[in-house]
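Novice: show me how the following folds:
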Amino acid sequence: MPVHTPYIPPSDPLTFLHVDEWLIVADKPAGLLSVPGRGPEKADCARSRAEEAFPGALTVHRLDMATSGLLLFARTPDIQRALSMAFEQGQIEKAYLADVWMGPEEASGLIDLPLIADWPNRPRQKVDHDIGKPSQTRFEVIDRHAAASRVKLTPLTGRSHQLRVHMAELGHPILGDQLYAHDVARNMVRRLHLHASELGFRHPGTGDTIHFTAPCPFEVP
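Specialist: Reported below is the predicted structural model:
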């Protein structure tokens, strides 16, 4: 079972890749909450740092604390609603890079496994073919190493912990995953090797199609 440790926000800054009058695109470091947690000790988060730099910044979506990468904020409630709706309707293109234990034999494929909260073991999620919500992830193997492979993961749905559970269910957990990886994969690296690397969408203020990338901050072990 994972060991619960005190929340110590990273000193790495929240890097802003794009700022305009409508929205903000940031690169979140691993270990930083997306939104405040319970208690004053968990007030430091991506949203609070965005608000400090740009007063009025509003959350559009979240990344797990252990996941690094692209995070989107709105600067007005109308833009927040428009972007949130775009996420719900699958109009936001997202891609992640992950290093996984060994790696799928197939070069690419679709994972289609329904997910639901594992309530007795929160915050864990689990596959449930009876009452789980539809959950789909596309994967593509980018590089293979002796004990790990780098994969590109494209979520077609937005369930909590979706990528982590799907890869673990395939028998290829994401390295460093404190919730779903076996001991060898969990202890092979010092952080969760999951990074939100690409984000593309139609700008709700200008109508332009825009695309952002964030370089992967870790190497395949």
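Novice: any idea which helix or strand comes after the biggest helix by length in the chain?
Specialist: Ranked by residue count, the top helix of the chain under DSSP state H comes out as helix 77-88. Note on helix 77-88: by DSSP states H and E, the next helix or strand toward the C-terminus is strand 93-101.
Novice: CA atoms only: put that following strand into PDB for me.
Specialist: Taking only C-alpha atoms (Å, rounded to 0.1, in the frame of the first residue of the first chain), the coordinates of strand 93-101 have been written out as PDB:
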ATOM      1  CA  GLU A  93      -7.200  17.300 -27.800                       C
ATOM      2  CA  LYS A  94      -5.000  15.900 -25.100                       C
ATOM      3  CA  ALA A  95      -2.000  13.600 -25.100                       C
ATOM      4  CA  TYR A  96       0.300  12.300 -22.400                       C
ATOM      5  CA  LEU A  97       3.700  10.700 -22.300                       C
ATOM      6  CA  ALA A  98       4.300   7.900 -19.800                       C
ATOM      7  CA  ASP A  99       7.000   5.300 -19.000                       C
ATOM      8  CA  VAL A 100       5.400   2.000 -18.200                       C
ATOM      9  CA  TRP A 101       6.600  -1.400 -16.900                       C
END
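Novice: buried ones in that strand?
Specialist: Residues of strand 93-101 classed as buried by neighbour count (16 or more other Cβ atoms under 10 Å): 94-101. Quick note: C-beta positions are derived from backbone N, CA and C, even for glycine.
Novice: equivalent analysis for stretch 108-119, please.
Specialist: Of the residues in stretch 108-119, 111, 113-118 count as buried by neighbour count, 16+ other Cβ under 10 Å.
Novice: endpoint to endpoint, that stretch covers what distance?
Specialist: 32 Å (Cα to Cα, to the nearest Å).
Novice: could I get the pLDDT score of the most centrally placed residue in the chain?
Specialist: Central residue check for the chain by Cα atoms, centre = their mean: the C-alpha nearest the mean position is that of Leu63, 4.2 Å away. Per-residue confidence (pLDDT) for Leu63: 97.
Novice: quick one, what contacts it?
Specialist: For Leu63, the contacting residues are 28, 34, 46, 69, 71, 196, by Cβ atoms under 8 Å, 6 or more residues apart in numbering.
Novice: which strand or helix spans it?
Specialist: Here Leu63, judged by DSSP H and E, is contained in no helix and no strand.
Novice: ok, Thr213 touching Glu198?
Specialist: Yes. Between Thr213 and Glu198 a contact is recorded at 5.4 Å, counting by Cβ atoms under 8 Å.
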